[in-house]
Each structure stands twice: as structure tokens, then as C-alpha cells.
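Enquirer: any chance you could fold what I've pasted below:
(one chain, ligands or ions: 2)
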Amino acid sequence: MSERDDIYTRPHESVADFEFNSAVARVFPDMIKRSVPGYAETVAMSGIIAARYAQPGTNLYDLGCSLGAVTLAMRHALKNSDCRIIGIDNSQSMLERAGHYLALDDDGPEVDLICADICEHPIENASVTALNFVLQFIEPEKRLSLLSRIAEATCDGGALILSEKIAFSDSEQSIQDTLHHDFKRANGYSDLEIAQKRSAIENVLIPETEEVHRDRLKAAGFSQVIRWYQCFNFVSYLAVK
Ligand SMILES: Nc1ncnc2c1ncn2[C@@H]1O[C@H](C[S@+](CC[C@H]([NH3+])C(=O)[O-])CC(=O)[O-])[C@@H](O)[C@H]1O
Ligand SMILES: O=C(O)C(=O)Cc1ccccc1
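Expert: Ligands and ions are numbered 1, 2, ... in the order given. Here you go, the predicted structure:
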């Protein structure tokens, strides 16, 4: 169903900043699977975690839902619940495709797909929120306010699943970068594709260290933060209110 990601195969004189446009939406499942180590596990376990932390009569959010992979995992994991699942993304191209995937697989609780900026859209009555590889694309100065609004909207005992590409403060950075690039190469990306994608995301995907993430999650109002998954420089945290 998804086409192969060939967006950076040809040489570009100057590489434009990466954006979630229709060309990216078209190849997205292939792109994310070949670019993010552990992506499939992160999505599947987000469903398992959501089922554990969901509370009756609440909302489950998938913020920056793209094609709705986590939305679908939550819906499968919560088949007989009265929760509402809300997927939000500001890319119309992504949401249109998410709508098709959801229509093909409509078993489980109701899902709303909303085209909006997650930094602006209200979040309310949440028990579980997934922010899966999205905070890294939000301007750093807006990140605390988004996480604080999520924490504020989350009921006691509710949770945030935060998945991110992270940065390291020491020599671990170059080891993790090398292994990540080896992963991409093993998945069929050429050195040119890897280099051009790296320039495209340089100014838009801004990773931070684990320490910054943990301190900010606490400052936002979450009482406990655990790292439940890591594959190279891609990490997933569970933050419980
Ligand atoms: N301000 C914003 N408001 C709304 N959406 C945004 C914003 N900024 C970026 N996005 C959206 O966040 C998504 C990031 S992809 C998430 C993968 C998904 N979670 C998955 O588990 O498959 C991750 C990646 O491509 O590395 C894109 O769909 C953007 O349009
Ligand atoms: O970090 C990278 O090198 C990536 O390619 C991650 C990524 C995956 C999908 C869209 C944008 C960035």
C-alpha cells in the first residue's frame, strides 16, 4: 500500500527544510520504518501501555498522529472501552491518509481526526496521551508549555507516552549516530540519501538530551518518568501524573 521512499535519491543543489507534505505522506510508512529503529515496537507497545493507563470515560490523544499508527494501536488495545480516541496532526495530507486507514479497520472505540496545531488545540479529560516522534519537531521554546497543558489535562494516574530521537552530551553521540546511519544503510538508503535527509531535518528536528526531557517532564507536572524503550538514539518514555 505504501510506496518506497525515494525522496532524497537524486542529488539536490541545496536541500530544502523537511516538511510533512503530500510527497512525504505518500511514502511515510516506508520512510519511518527504514529510518526509525524500533518504530514498530514503539507503536505496538504504545497500545499495550495505553490499555494499562486508560480510564473509563476519558479521552486518549495521539498528538502528531501522522497516518494514525498509534491511534490504531490504541483502538485495538481498547476494543470494549467507552474512551474516545482523538488523533491530531497539522498536515492535511497525513490526515487524509489516516482517515483511509481508519476506515479500513473500524473496530473499537470512536476516533476523531482533527487537523490542528497541537500547540494551540485544547486538550481535555485525558488519561493517555501519545507524543510519538513529534515533540522533536516543535520549536524548543514551545515544548514546556505543550507538556504542561498535557499534564494539566491528564487525570491522576494517567500517562504520557513520549517517543523521541535524543541527543547525547558526550562521545556517545557519535557512536549512536554511526549506528543509526548503519541502520539506514542496511535498510537500503544510500550515503547520498542519508546525507541529504540529514541536511533537510537539521533545522526542523531538534533532539534534546535525556536529562532535558526528564527535567522538563517533571517541571510540566508528571511525577514519575521511566525510559521503557531505547534503540540507538531513539527512545520512549512513560511519564505518569
Ligand atoms: N505543531 C504540530 N501540530 C500538529 N502536528 C504536528 C506539529 N508538528 C509536527 N506535526 C506532525 O507530527 C508528525 C511527526 S511524525 C509522527 C509519527 C506518528 N506519531 C507515528 O507514530 O506514526 C514523526 C516523524 O516523521 O519522524 C507529522 O505527521 C507532522 O505533520
Ligand atoms: O532522524 C532521522 O535521520 C530520520 O530520518 C527521522 C525521520 C523519520 C521520518 C521523518 C522525518 C525524520
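
Enquirer: neighbours of the residue in the chain positioned nearest to ligand 2, how many?
Expert: Per Cβ to the nearest ligand atom, residue 35 is where the chain lies closest to ligand 2, at 3.6 Å. Every residue, glycine included, has its C-beta placed from N, CA and C. Residue 35 has 20 neighbouring residues, counting by other Cβ atoms under 10 Å.

Enquirer: what sits against the nearest residue to it once chain neighbours are set aside?
Expert: Leaving aside its sequence neighbours, residue 35 sits nearest to residue 184 (Cβ to Cβ, 6 or more residues apart in numbering; 6.2 Å). By Cβ atoms under 8 Å, 6 or more residues apart in numbering, the contact list for residue 184 reads 34-35, 193-194.

Enquirer: does residue 62 really touch residue 94, like I thought?
Expert: No. With contact defined as Cβ atoms under 8 Å, residue 62 does not reach residue 94; the gap is 11.7 Å.

Enquirer: the more surrounded of the two?
Expert: residue 62 (31 against 24).

Enquirer: which helix or strand contains that one?
Expert: strand 59-63 (DSSP states H and E).

Enquirer: partner strands of that strand and their direction?
Expert: strand 84-89 (parallel), strand 126-132 (parallel) (DSSP bridges).

Enquirer: can you list contacts of it?
Expert: 50, 54, 68, 70-71, 74, 78, 83-88, 118, 123-132, 134, 150.

Enquirer: please, where are all the helices along the protein?
Expert: For the chain, applying DSSP state H gives helices covering 22-35, 39-53, 69-77, 92-104, 140-153, 172-186, 191-201, 210-220.

Enquirer: make CSV from these and add distance to ligand 1 and mean pLDDT to it.
Expert: Shown next, in CSV, are those (distance: least, Cβ to the nearest ligand atom, whole Å; pLDDT from 0 to 100):
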stretch, distance to ligand 1, mean pLDDT
helix 22-35, 6, 96
helix 39-53, 6, 98
helix 69-77, 4, 97
helix 92-104, 4, 95
helix 140-153, 8, 98
helix 172-186, 13, 97
helix 191-201, 8, 96
helix 210-220, 16, 98
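
Enquirer: let me know which of those is tucked in deepest.
Expert: Ranked by mean neighbour count, the helices of the chain are led by helix 69-77 with a mean of 25 (mean count of other Cβ atoms under 10 Å).

Enquirer: what's the angle between that helix and helix 39-53?
Expert: Interaxial angle, helix 69-77 versus helix 39-53 (axes from the mean of the first three to the mean of the last three Cα atoms, to 10 degrees): 50 degrees.

Enquirer: let me know the angle separating helix 69-77 from helix 22-35.
Expert: 70 degrees.

Enquirer: please save the CA atoms from helix 69-77 in CSV.
Expert: The C-alpha coordinates for helix 69-77 follow below in CSV (Å, rounded to 0.1, in the frame of the first residue of the first chain):
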residue,chain,number,x,y,z
ALA,A,69,-0.4,4.1,13.6
VAL,A,70,-0.7,4.7,17.3
THR,A,71,-4.3,5.7,17.0
LEU,A,72,-5.0,2.3,15.6
ALA,A,73,-2.8,0.5,18.2
MET,A,74,-4.8,2.3,20.9
ARG,A,75,-8.1,1.4,19.3
HIS,A,76,-7.2,-2.3,19.1
ALA,A,77,-6.0,-2.3,22.7
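
Enquirer: surely residue 9 meets residue 192?
Expert: Yes. At 7.4 Å, residue 9 and residue 192 qualify as touching, with contact defined as Cβ under 8 Å.
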